[in-house]
Every structure is written in structure tokens, then in C-alpha cells.
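Participant: Quick check, what structure comes out for this input:
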Amino acid sequence: MIFKKVFNSFGYAANGISYAWHNELNFRIEVVLGIIAVALSIYLRIELAPILLVSALVLGLELMNTALEAVVDLVSAEESKLAKIAKDCAAASVFMAAIFAITIAISSILPAILLRLGLL
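Facilitator: Predicted structure coming up:
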């Protein structure tokens, strides 16, 4: 019984990821950038945990943003100031996480690249 529930929850999560991948350009961009950052971290032998954490944060917030937009659209067919605030704030959460993710990636990866190029 519990295994079926766990198995079903993995299926629901996979459906959400699949939906975001097929319908959300930003999600696909963020996945690709995350993969590039992880690959560079592995290649440059720098600490992987910060890159994985910020990548997971950005992708998780993007999924939550998509979910919130769907719920707002479901309950508010016409334009609403509150619906706009909800959508804008959800989008802003992804944006803020992305800015910090880029900052962390640059501060982790750039010095390793410069060191390899003999510029540090």
C-alpha cells in the first residue's frame, strides 16, 4: 500500500517535470544552464554542492511558479490586481534565485577557469 503511494507520487512529480519541460521555455533554459554549471564544476574539480543546491532551488521555484500561475488562471478567469501580484511575485522569486545562482556559479567557476588559463 505505502509503496503504491510512493510510486504514484514519483509519477505525479514526473508529470510535473514533463509538463514544465514541454511548456516552459525558462525551465528548459534553466535545466541546460544547470547541466553546464555541474559539468564545468566536475571538469574543473570544484565543490559541486553549491552548484547543485542553487540549481535545485531555481528549478524548484520555476516549478512552483508554473503551479501558481496555473492555479491563479484556474480561479481567476478575468484580469485581477491580486492575480497579477501573485504571478509577479512568483516570477520574482525565480528571478532572485537565478541572480544568486549566477553569482554563486561565477564566484565558484570563474576563478577555476582563470587558474587553468594561467591568468591567476
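
Participant: by contact count, what packs against the longest helix along the chain?
Facilitator: Longest among the helix segments of the chain by residue count, using DSSP state H, is helix 81-116. For helix 81-116, the packing partners by 3 or more Cβ pairs under 8 Å, 6 or more residues apart in numbering; DSSP states H and E come out as helix 25-44, helix 49-75. For every residue, glycine as well, the C-beta is placed using N, CA and C.

Participant: can you pull the buried residues of the last one?
Facilitator: Of the residues in helix 49-75, those with enough neighbours to count as buried (16 or more other Cβ atoms under 10 Å) are 50-51, 54-55, 57-59, 61-63, 65-66, 68-69, 72.

Participant: What about Leu115, how many residues nearby?
Facilitator: Using other Cβ atoms under 10 Å, Leu115 has 12 neighbouring residues.

Participant: rewinding a little: closest one of the buried residues of helix 49-75 to Asn26?
Facilitator: Glu62 (6.1 Å; Cβ to Cβ).

Participant: do you know how far the closest one is from Ser18?
Facilitator: Separation of Glu62 from Ser18 (Cβ to Cβ, to the nearest Å): 14 Å.

Participant: now Ser80
Facilitator: Computed as Cβ to Cβ, the Ser80 to Ser18 distance reads 29 Å.

Participant: related to what we said a few turns ago, let me have the helices and strands packed on helix 81-116 in JSON lines, extended by mean pLDDT.
Facilitator: Converted to JSON lines, the helices and strands packed on helix 81-116 look like this (pLDDT from 0 to 100):
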{"stretch": "helix 25-44", "mean pLDDT": "97"}
{"stretch": "helix 49-75", "mean pLDDT": "97"}
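
Participant: now those as a markdown table including distance to Met1?
Facilitator: Output for these, formatted as a markdown table (distance: least, Cβ to Cβ, whole Å):
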| stretch | distance to Met1 |
| --- | --- |
| helix 25-44 | 33 |
| helix 49-75 | 27 |
